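>>> No sequence on hand, only this structure:
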DNA sequence: TATCTATACTACTCAGTTTAGTTTAGTTAT
DNA sequence: ATAACTAAACTAAACTGAGTAGTATAGATA
């Protein structure tokens, strides 16, 4: 996107072998880097890529604009670094809080907890919602960032479920645990997107427990005759 | 967003009852309106809201900038009109091409065709993908447009499936056709998002027929012993 | 006569650079 | 160890060159 040929800043030299002058090499302060990324997060998540200004990022970070450009090559570089950080640090493991005991027990209870974990990550957290919005909205202009997201969030989620369902495949009589896992995640993600991201709560309301109940009903083969509604 | 108090243009009066001055009122040419909307579509879908310039919209539409502002109040108004048009004209009925005969027959075949219709709408069409990207990406800044989308696309899809599954509820032994419909749509939409929108095809590949087969396997109660994979 | 075009304008914002001066931290000499 | 020195990280501010939304004007067109 930016196409200029300028002598690269010190920031780009990170990781390159230093020449001769090793006398008093101070690093760019990690505190500033963190502050800039924090400011960038606030701005990019709130305004999107195009509508975010580097002046405002610097102001929000409490740092001069020149410092921003000492730490990051340009707007695109800062954006890339931010998304990469968010994907790796914040939004990776939705399943870490699921204890092994639940996983070993009744599949209905385990799947309920997994579903609730997925929904909790997206239903309350406005920051998470804005992050997904940003990734989806910019996935056309930043395909590599989208792929990073897929590798670190989607793949992890689906692998986790695939593994779990594979273990239970016989007792649940599943023929394709991987596809079942995708259906499970997909139904939940779509619910989050429609209800919260697209503000569809009031237009097409549905209790989250109702969706989870149905989801588990369709995955676990025993079909009880009691019908909750409709 | 734009906060100026200007005497409204003729464009805003569209649909309002005209006052007294009906003396030789030529309308703003509908051809120009269409051309502007077409240009706006190209630009907004390709660049997003913030990165689209009104100069470029006018140029793409083959129309002067002043004409754009005669037909639409401002950038936001044009964007609103565009999304509204797209939602209503282009991306409303995914199910129109499903014939009644299929719907009356074997549920497995019917659901397969419905699933294929949903996937076809999103897997090939780059324009459709960009449209969804735009809606999702701007859903935070344009909540009303997001709601319009929900009302006209999500609700229609889910209602259609709810209705169909409600009729088959007994034979398929469904306890909550509406929730089942959501799961069905959700799994397909999530598949489109991950594979196409987020460029996950090569990272976590999955044949579309495999997903559809599993989906129908989970909805239709008869569980065949033959397993296609894994 | 009203819609259109072309063009230029206003007032502003933007990404990124530069300049001049301040702070900070590592090195060296005392 | 402490003080002096020095180079780099920083700040504030101005600046460049380009682009922005939206308006205004004068003339072409139908």
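Okay, I see it. Remember, it's a predicted structure, so these values are computed and weren't measured experimentally.

>>> Identify the residues contacting the spatially most central residue of chain A.
Geometric centre of chain A, nearest residue: residue A:91, 4.1 Å, by C-alpha atoms, centre = their mean. Counting by C-beta atoms under 8 Å, 6 or more residues apart in numbering or on different chains, residue A:91 makes contact with A:121, A:128, A:131, A:152, A:153. The C-beta positions use only the backbone N, C-alpha and C, and glycine is treated the same way.

>>> Return the helix or strand in chain A with minimum mean pLDDT.
Least confident helix or strand of chain A, by mean pLDDT, DSSP states H and E, is helix A:10-13 with a mean of 38.

>>> What ranges does chain A have for its helices?
Along chain A, counting by DSSP state H, helices occupy A:10-13, A:30-47, A:54-61, A:65-71, A:75-85, A:100-104, A:107-123, A:126-138, A:143-149, A:155-167, A:169-172, A:177-192, A:208-219.

>>> residue ranges with poor pLDDT in chain A?
Counting by pLDDT under 70, chain A contains low-confidence ranges at A:1-25, A:222-230.

>>> Could you chop it up by domain?
Chain A breaks down into these domains under automatic domain parsing: A:29-90, A:100-219.

>>> right, so of those, which gets closest to DNA strand C?
DNA strand C lies closest, by C-beta to the nearest atom of the strand, to one member of the domains of chain A: domain A:29-90, at 3.3 Å.

>>> follow-up on the earlier one: give me whichever of the helices of chain A is most buried.
helix A:177-192 (a mean of 25; mean count of other C-beta atoms under 10 Å in any protein chain shown).

>>> what separates it from the chain centre, distance-wise?
16 Å (C-alpha atoms, centre = their mean, to the nearest Å).

>>> who does that helix touch, helix- and strand-wise?
helix A:107-123, helix A:155-167, helix A:208-219, helix B:177-192, helix B:208-219 (3 or more C-beta pairs under 8 Å, 6 or more residues apart in numbering or on different chains; DSSP states H and E).

>>> Run the angle between it and helix A:155-167 for me.
Note on geometry: by axes from the mean of the first three to the mean of the last three C-alpha atoms, to 10 degrees, helix A:177-192 and helix A:155-167 are set 130 degrees apart in direction.

>>> Give me the distance between the closest residue to DNA strand D within chain A and residue B:149.
Closest approach between chain A and DNA strand D, counting by C-beta to the nearest atom of the strand: residue A:67, at 3.1 Å. Going from residue A:67 to residue B:149 by C-beta to C-beta, to the nearest Å gives 41 Å.

>>> How about residue A:66?
Residue A:66 sits 42 Å away from residue B:149, going by C-beta to C-beta.

>>> Pick out the residue in chain A sitting closest to chain B.
At 2.1 Å from chain B, residue A:137 is the closest residue in chain A, using C-beta to the nearest C-beta.

>>> okay but that residue is in contact with residue B:135, surely?
No: when contacts are counted by C-beta atoms under 8 Å, residue A:137 is not listed as touching residue B:135 (9.1 Å).

>>> ok, back up a step: contacting residues for the residue of chain A closest to chain B?
A:48, B:48, B:133, B:134, B:136, B:137, B:138.

>>> how far away is the third one from residue B:189?
What it means is residue B:133. 13 Å.

>>> Would you quantify the distance from residue A:140 to residue A:56?
Counting by C-beta to C-beta, the gap from residue A:140 to residue A:56 is 24 Å.
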